[in-house]
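1. Sequence isn't available, so here's the structure alone:
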DNA sequence: ATCAATGCAAATCCTTTGCAATCGC
DNA sequence: GCGATTGCAAAGGATTTGCATTGAT
């Protein structure tokens, strides 16, 4: 696994360093979860890893450039990252507690293609975010 | 027109003040354009208006709360605002020529509500952008 | 008169950068 | 060894907030 990651880093032209391997592994352990730079930094601290916050920012940006990670700008003013999904999905975000759900709806995907076609556009890509509030207030801590 | 805006502010429960009226008028003059707080501040300065940047931020947030304005969080670290469209629409953008089409699809809108519900979220808002390329290359100037 | 709104500066939050020390190749 | 990477602290940009002043009703 670490071998795989070393290959991956080489492939995208980044040197093999301990911070990069550690952060990459962390993101892989938490596939489908979304972390801010601060989140990653704290998780590393908890694990006893000594990696500076500035380095976390630098590595996340490099991984994003290399398309290893996807960057999202949800409502609010900070970026969150997730391991680039192999299968496409969209997001639902609670604007109160920040919880994120993922979904993939074939009906919507199909309509998007259809609508694009009607407007003379060959659809290549899209971004869809649904924002709302948890209906179960118990489970929604601000 | 100013009469209209006074009514509008009253309706949403905001007191009639000169900064609010000025900013509201500014946004109306530039329907369909999006401005950051800084943009608005500078435009006001150019017009010789004496409104503090902090007030611009406060007013934009209040207008957003009141749904007079729509807030977008594009890539980058700042919010931009535009006069809330009277009729909701989403966007299709040609990544080559930058052309923008608007559409509103009830099938997609319905599915969004449904999907949110299934995840325990009361949908309040969404952002949907379709990116592609003009199929008619003639009409697509880079 | 009263309570909200404003302006300014200071504070905060998120992120980037300068620079010397350290590490990978 | 040399250039890239890191850590730390300082700088930066966007946005918010505290507080005294001004303004709206």
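-> Received it, and whenever you're ready, just let me know what you need. Please read all numbers here as calculations on a predicted model, not as lab measurements.
2. Just confirm residue A:102 contacts residue A:32, I think it does.
-> Yes - using Cβ atoms under 8 Å, residue A:102 is in contact with residue A:32, at 6.4 Å. Placement of C-beta: from N, CA and C, glycine included.
3. So which of these two has more stuff around it?
-> Neighbours of residue A:102 and residue A:32, each counted by other Cβ atoms under 10 Å in any protein chain shown, are more numerous for residue A:102; the result is 16 against 10.
4. Check the secondary structure at that one for me.
-> Per DSSP: H, G, I helix; E, B strand; the rest coil, the local secondary structure of residue A:102 is strand.
5. Kindly report the residues of chain A close to DNA strand C.
-> With the criterion set to Cβ under 7 Å from any atom of the strand, chain A comes near DNA strand C through A:15-18, A:36-38, A:53-54, A:57-58, A:61, A:77-79.
6. These: which two are farthest apart?
-> A:16 and A:77 (33.2 Å; Cβ to Cβ).
7. For the biggest strand by length in chain A, name the packing helices and strands.
-> In terms of residue count, the longest strand belonging to chain A (DSSP state E) is strand A:121-134. Here strand A:121-134 touches strand A:90-94, helix A:106-118, helix B:106-118, strand B:121-134, going by 3 or more Cβ pairs under 8 Å, 6 or more residues apart in numbering or on different chains; DSSP states H and E.
8. what sits against the residue nearest the centre of chain A?
-> Per Cα atoms, centre = their mean, the C-alpha nearest to the average position across chain A is that of residue A:82, at 2.0 Å. Neighbouring residues of residue A:82 by Cβ atoms under 8 Å, 6 or more residues apart in numbering or on different chains: A:27, A:31-35, A:69-70, A:72.
9. That one belongs to a strand, doesn't it?
-> Yes - assessed with three-state DSSP, residue A:82 lies in a strand.
10. ok, and the closest non-adjacent residue to residue A:20?
-> residue A:59 (5.5 Å; Cβ to Cβ, 6 or more residues apart in numbering or on different chains).
11. host element of the one you found?
-> helix A:53-65 (DSSP states H and E).
12. After that helix, which helix or strand is next?
-> Assigned by DSSP H and E, the successor of helix A:53-65 is strand A:69-72.
13. residues in contact with that following strand?
-> A:27, A:34, A:60, A:63-64, A:79-85, A:91, A:129, B:75.
14. Quickly run through the sheet partners of that strand, with directions.
-> strand A:80-83 (antiparallel) (DSSP bridges).
15. Alright, that wraps it up for me.
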